[in-house]
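In: Predicted structure and sequence below. I'll ask about it afterward.
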Amino acid sequence: IPVKMLPCRVEKMEKLADDVMALFLKLPANERLQFLAGQYIDILQKDDKPRSFSLANAPHDDGLLELHVRYIPGGTFTEHVFKTMKERDILRIKGPMGSFFLHEDSEKPIVFVASGTGFAPVKAIIEHALKIGFKREMHFYWGVRKAADLYMLDKIRAWEAQGIKFTAVVSDEAWEGRSGFVHQAVLEDFADLSGYDVYACGAPVVVEAAHRDFTAQRGLPNSAFYSDAFTFAPKSPTPPAA
Ligand SMILES: Cc1cc2nc3c(=O)[nH]c(=O)nc-3n(C[C@H](O)[C@H](O)[C@H](O)COP(=O)(O)OP(=O)(O)OC[C@H]3O[C@@H](n4cnc5c(N)ncnc54)[C@H](O)[C@@H]3O)c2cc1C
């Protein structure tokens, strides 16, 4: 798939939770971005440090590109999104990138594990899977700090009606549902993951914990673990070794 650099317009902004903003981006009329569900784009800024964001829409639904941007206090781009960005602003993007996409050649049931805005690429993959009439069993575990951080629950209810097994896991407050760390909930529910494919994305600590514990304690083969850790570029480039 060709990687393109394109201008785009912020068509719509929608607050999904206290610290999550959806951006809907429109490409120039004669342009399309080909991508696989789950891939990401970079937003190009003046400081040359790319800001990566996963595409939350599936390729069949590409009228607008959808991003879920979590607010990072002190973050140059995300502060801009929450404080000064307006609809009709112009951004420059580069993409698609990444290897976090559905491997359709496998027959195994799937466990998706997302933390926070790691929901975005999982949404793209699940919408794609439902569109192509995917028959594999799919479990989706979504970890957030507070119950109010869960968003698009109406969409998730519609997925559940189509067979997706959804579990929300809240780590920082008591609520009526599952509590604790999201990868821990998967460990509790699955005694053996050797016959599964796992797709994990979001905070690096969550992705790393899932990889470590699922392979060491639940027999998940390394090759059946697909992930995207939402790391961020360092403030300044590492100085060259003396
Ligand atoms: C492949 C990939 C996909 C991603 N997809 C998404 C997505 O869909 N949604 C989303 O919200 N984020 C996503 N991220 C993370 C996102 O790229 C960063 O949060 C973003 O670049 C921050 O930009 P900024 O200009 O606001 O912060 P900067 O000005 O670049 O950073 C300011 C400081 O904030 C801290 N910081 C920056 N980012 C983070 C972070 N993510 N977590 C904790 N501390 C941070 C660092 O200390 C940094 O020095 C993804 C990252 C990767 C690598």
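Out: Done, it's in.
In: so who does the closest residue to L44 other than its chain neighbours touch?
Out: For L44, ignoring the flanking residues on the chain, the nearest one in space by C-beta to C-beta, 6 or more residues apart in numbering is R92 at 4.3 Å. C-beta coordinates here come from the backbone N, C-alpha and C atoms, glycine included. With contact taken as C-beta atoms under 8 Å, 6 or more residues apart in numbering, R92 is in contact with M5, L6, P7, C8, I43, L44.
In: Tell me, how many residues neighbour the first one?
Out: M5: 10 surrounding residues under other C-beta atoms under 10 Å.
In: With the third one instead?
Out: Residues lying near P7 (other C-beta under 10 Å) number 13.
In: what's the spacing between the top helix by length along the chain and its chain's center?
Out: The residue-count maximum for a helix in the chain (DSSP state H) belongs to helix 204-218. On the basis of C-alpha atoms, centre = their mean, to the nearest Å, the separation between the geometric centre of helix 204-218 and that of its chain is 17 Å.
In: List the buried residues for that helix?
Out: V206, V207, A209, A210, H211, D213, F214, T215, R218 (16 or more other C-beta atoms under 10 Å).
In: for it, packing partners?
Out: strand 110-115, helix 182-189, strand 197-202, strand 225-229 (3 or more C-beta pairs under 8 Å, 6 or more residues apart in numbering; DSSP states H and E).
In: Figure out which of the ones you listed is closest to H80.
Out: H80 lies closest, by C-beta to C-beta, to one member of the helices and strands packed on helix 204-218: strand 197-202, at 22.1 Å.
In: how about the residue of the chain found nearest the ligand, what does it touch?
Out: Taking C-beta to the nearest ligand atom as the measure, the chain has G75 as its residue closest to the ligand, at 2.2 Å. Neighbour list for G75: empty [criterion: C-beta under 8 Å, 6+ apart].
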